[in-house]
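Q: Kindly return the folded structure for what I paste below:
(one chain, ligands or ions: 1)
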Amino acid sequence: GGGIVRISVIGTGYLGATHAACMAELGFEVIGVDIDPAKIERLARGELPFHEPGLAELIVKHVESGRLRFTTDYAEVGGWADVHFIGVGTPQRSGEHAADMRYVDAALTSLAESISKDALIVGKSTVPVGTADRLAGLLAQLRAANGLPGTVELAWNPEFLREGFAVKDTLTPDRIVVGVASEHAEQVLREVYAAPLAADTPWIATDFPTAELVKVAANAFLATKISFINAFSEITEAVGGDIRTLADAIGHDARIGRRFLNAGVGFGGGCLPKDIRALQARAAELGLTSTMRFLSEMDAINLRRRERVVDLAVDVLAADAGHRRAAPVQALQGARIAILGVAFKPDSDDVRDSPALDVANRLYTLGADTAVYDPEANANAAARFPRLDYVDSVEEALRDADLAILLTEWREFRELDPARVAELMATPRLIDGRNVLDRDAWAAAGVPVVGMGQKVVHGAPA
Ligand code: UDX
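A: The predicted structure follows:
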């Protein structure tokens, strides 16, 4: 052991930048490779195009320590690194469910055509099962054709990092999964991950398809857990009952567990929605459409939560106007609605597939006057939907509002003083799209709160 010192990371997006910085933190010499020179220049100064606690500091620390550099040139790493991680994106193909593999394929091809010494290529991107086998074939072909010196092998090593915890999840993961085709490849990866292994992190060495599937299975399970509780929300909305108590009660069963059973406006972000769609597309390619059909139900349940919030807003405002069943446009026209949160989850500025931003935009499209405030994500939201009214503070959003809707459970919103909210709003009332507020306390302070999974009649709790 002890032979691995130099690591390259292809792709300096969210995953690649985190991995590169963390590998430097573990003591390796690291070069991050990206095709965009402006991007890596900013990165090297610690300027991130996304919000991730601790990452900018870690990058700057290791740029300064000399262990971390960035380049746009594959040739620079091809004769240098012992291990090359591929951390490029696999976005949803536009208009389709399948993942777009062009960046992964391009990275593999560029590496195969520039590596000139013994090396291990390690895929980290989330990919359709079967990709590693396909890429191993492509790699062998390209190497045979170009005749460069060195033996190059492929391995697969999925990541499970969460936004907001990316550095922590990379340095102290729950488990390390590697798909390997040889003992040598496993040995190399054991050296790379010697530090977390020394801390007793579970190590799972397996074949390519299993390694690829661990990632998509984990995300499909998490999405299912959220949609499961949200499906029960639809029942408690119909017959009454309290979804939070139901989640607590089933969560006490250790086989079920309470985490990821928070009912609300549903899941979003750059991973869960796209991953469950890509998995369905891949299953269909394999002739297994029925096998993953339940995921299209999970997706549908998840999207219905957004409609539920819009319907609730319409009901609440229609009740004012005296008409019990107003057309949405009629009820929302001119109503000022405070939108609290547009990020897909708190402590993030990410609005990709954000349920919160989707709801805000739907309300705007139906004629509401939306005053949007998010502690971090306003700028990203404005880049997508510039016509909403973005304001700089929660007080500004609430001032003179006819209705407030909490859509991302930022601490700032969870700790709002209901008495102050009552003073600010034209008509104090709130829809809690994340079920995080104490409804009794808020009602006592003069702000009626309607939650998700709550039975509501004519805009008021039943
Ligand atoms: C997820 C996985 O957790 C991570 O392991 C994987 O590597 C990438 O995808 P992330 O997208 O960062 O991570 O967010 P996560 O914390 O999982 O939340 C996803 C979405 O589910 C958010 O929109 C969140 O608000 C929602 N959610 C989560 C719920 O609606 N209810 C819950 O109980 C939990």
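
Q: Same question for the longest helix along the chain: list its buried residues.
A: As assigned by DSSP state H, the longest helix anywhere in the chain is helix 208-239. Buried residues in helix 208-239, counted by 16 or more other Cβ atoms under 10 Å: 208, 211-216, 218-220, 222-234, 236-237. The C-beta positions use only the backbone N, C-alpha and C, and glycine is treated the same way.

Q: Enumerate every residue touching Asp133.
A: Contacts here follow Cβ atoms under 8 Å, 6 or more residues apart in numbering; on that basis Asp133 touches 208-209.

Q: so it, which of the three states?
A: helix (DSSP: H, G, I helix; E, B strand; the rest coil).

Q: again with Phe344
A: coil.

Q: So Val329 sits against Thr365, correct?
A: No - the pair Val329 and Thr365 does not pass the contact test of Cβ atoms under 8 Å, sitting 9.5 Å apart.

Q: And those two? Which one has more around it.
A: Neighbour count, other Cβ atoms under 10 Å: between Val329 and Thr365, Thr365 has more, with 16 against 12.

Q: Keep the buried residues of helix 208-239, but drop any that are not near the ligand.
A: Filtering the buried residues of helix 208-239 for proximity to the ligand (criterion: Cβ under 6 Å from any ligand atom) leaves 219, 222, 226.

Q: ok, whichever residue of the stretch 101-250 of the chain sits closest to the ligand - contacts?
A: Nearest residue of the stretch 101-250 of the chain to the ligand: Glu163, at 3.5 Å (Cβ to the nearest ligand atom). Going by Cβ under 8 Å, 6+ apart, Glu163 touches 14, 52, 269-270, 345, 347-348, 350.

Q: do Asn302 as well
A: Counting by Cβ under 8 Å, 6+ apart, Asn302 has contacts 223, 226-227, 230, 266-267, 273, 355.

Q: at 7 Å what do you get?
A: Going by Cβ atoms under 7 Å, 6 or more residues apart in numbering, Asn302 touches 227, 230, 266-267.

Q: same thing with Ser114?
A: 74-75, 78.

Q: Report the secondary structure state of it.
A: Secondary structure of Ser114, per three-state DSSP, is coil.

Q: Of the contacts of Glu163 - the most surrounded one?
A: Busiest of these [other Cβ under 10 Å] is Ser348, holding 25 neighbours.

Q: For that one, which non-adjacent residue is spatially closest?
A: Glu163 (4.9 Å; Cβ to Cβ, 6 or more residues apart in numbering).

Q: in a strand, that's where that neighbour is, yeah?
A: No - counting by three-state DSSP, Glu163 is not part of a strand but coil.

Q: pLDDT score assigned to it?
A: The confidence metric pLDDT takes the value 92 at Glu163.

Q: And for the one 3 residues further on?
A: What the model reports as pLDDT for Ala166 is 96.

Q: can you pull the contacts of it?
A: 18, 52, 55 are the contacts of Ala166 under Cβ under 7 Å, 6+ apart.

Q: go with 10 Å
A: Ala166 makes contact with 14-15, 17-19, 21-22, 50, 52-55, 159, according to Cβ atoms under 10 Å, 6 or more residues apart in numbering.

Q: ditto for Ser182
A: 120, 153-155, 188.

Q: from the residues you listed, which ones fall inside helices?
A: Using DSSP H, those in helices are Val188.

Q: Among the contacts of Ser182, which are located in strands?
A: 120, 153-155 (DSSP state E).

Q: Out of those residues, which end up buried?
A: Counted by 16+ other Cβ under 10 Å, these give 120, 153-155 as buried.

Q: tell me what the strand or helix carrying Leu363 is packed against?
A: Using DSSP states H and E, Leu363 falls within helix 355-365. If you count contacts as 3 or more Cβ pairs under 10 Å, 6 or more residues apart in numbering; DSSP states H and E, helix 355-365 packs onto helix 293-320, helix 328-332, strand 336-340, strand 369-373, helix 378-384, strand 389-390, strand 403-406.

Q: The stretch 1-150 of the chain: helices as residue ranges?
A: For the stretch 1-150 of the chain, applying DSSP state H, counting those that start in this stretch gives helices covering 14-25, 37-44, 55-65, 74-78, 102-112, 131-146.

Q: OK, contacts around the closest residue to Pro209 other than its chain neighbours?
A: With sequence-adjacent residues excluded and distances taken as Cβ to Cβ, 6+ apart, Pro209 is closest to Val129, at 5.2 Å. Taking Cβ under 10 Å, 6+ apart, we find Val129 in contact with 208-213, 215-217, 279, 282-283, 285-286.

Q: what's the burial count for Leu111?
A: Neighbour tally, Leu111, other Cβ under 10 Å: 24.

Q: how is the chain carved up into domains?
A: The chain breaks down into these domains under automatic domain parsing: 6-206, 207-462.
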